[in-house]
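> Quick check, what structure comes out for this input:
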Amino acid sequence: MLRHMKLECGHPPTYRCMFCPHLSKRMKCAKCGKCYRYKRSLNRHLKYECGVPPQFSCPHCVYITKHKSSLMLHIGNIHGGYVMAPKYLNEEESILLKCNKCGKCYRHQTSLHRHIKYECGVPPQFFCPHCQYKTRHRSSLKLHLANTIPPNNQDRLKNFNKYMCPNCFKSYRHVESLYRHQRYECGKEPHRKQFICNVCKRGYQHTSTLKRHLKYECGKLPQFNCPYCPMAKYHKQELKLHIFSKHRDTIN
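Numbering: from 1, shown residues only. Sure thing, here's the model as predicted:
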């Protein structure tokens, strides 16, 4: 709150994009160009990351990293939860969230929930069209394709940049579309859509949904704008999913 009142509330943006007139309050590293929302994040980056060799070593193997949190997760996942040397931790950082099924550890509750919902015990949903390779992560499939497809055919990668449902194998361009499909469509009985919009003829199961469609969607521009790119959504939840899937590294 104090930081917001001191640096943000009523203060104009101070950082300009090098490619367009857009102004932002994000702080940029002068060495590598990475941007951060908070000054403390930039200071941490300068102190431990930018041009600095990894300094956090695992006491049980040769693993080394630039981040204490990465070392914590490594020890929890690889070495069965051994306790780290006290010099690496404070009391707050020593708390890890453990999956009851497989024992993997996570620092944040959201990461544990994502692991339980999409990874732990869930079959791989991304398949290579050229071999038997399959994975739970789109980024791993893209890396596999980039390493196996000849350089002169790299433009074919964009054809496989899709999210696939592991149950019915429907594929979607955006991860939020896959989430919506899994939540409302896959494996569920189709609902009778008895309330029809007179303008665009879209059907809805409930009259309240039709009213919301008429008020916020039909013939109107999306009102929830992404702060990191030109994307706009009709619903706040869709915008949250977009930011989570496309700008997770920027937020962190």
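> so where's the stretch 51-200 of the chain uncertain?
79-96, 129, 146-164, 166, 168-171, 173, 190-193 (pLDDT under 70).
> Which parts of it are strands?
56-57, 64-65, 97-98, 105-106, 126-127, 134-135, 163-164, 171-172, 195-196 (DSSP state E, counting those that start in this stretch).
> I figured residue 229 hits residue 245, correct?
No. Look at residue 229 against residue 245 with C-beta atoms under 8 Å: they stay out of range, at 11.8 Å. C-betas here are computed from N, CA, C, even on glycine.
> Comparing these two, which residue is more hemmed in?
residue 245 (15 against 12; other C-beta atoms under 10 Å).
> Sticking with that one, tell me its helix or strand.
Per DSSP states H and E: residue 245 is located in helix 236-246.
> Show the subsequent helix or strand relative to that helix.
helix 248-251.
> pLDDT of the helix holding residue 245, averaged?
When pLDDT is averaged over helix 236-246, the result is 80.
> Spatially nearest residue to residue 108, not counting backbone neighbours?
residue 97 (7.4 Å; C-beta to C-beta, 6 or more residues apart in numbering).
> Okay, helices next: where are they in the stretch 101-250 of the chain?
109-118, 138-148, 175-184, 207-216, 236-246, 248-251 (DSSP state H, counting those that start in this stretch).
> would you turn the ones you listed into TSV with distance to residue 124?
Shown next, in TSV, are those (distance: least, C-beta to C-beta, whole Å):
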stretch	distance to residue 124
helix 109-118	11
helix 138-148	9
helix 175-184	14
helix 207-216	34
helix 236-246	18
helix 248-251	21
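> now for those, which one comes closest to residue 35?
In terms of C-beta to C-beta, the element of the helices of the stretch 101-250 of the chain nearest to residue 35 is helix 248-251, at 7.4 Å.
> The protein - how does it break down into domains?
As given by automatic domain parsing, the domain ranges for the chain are 15-52, 56-118, 126-184, 195-234.
> Save those as CSV, and put in distance to residue 240 too.
Output for the domains of the chain, formatted as CSV (distance: least, C-beta to C-beta, whole Å):
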stretch, distance to residue 240
domain 15-52, 17
domain 56-118, 11
domain 126-184, 9
domain 195-234, 9
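> of all the ones you listed, which lies closest to residue 250?
Using C-beta to C-beta, these put domain 195-234 closest to residue 250, at 5.6 Å.
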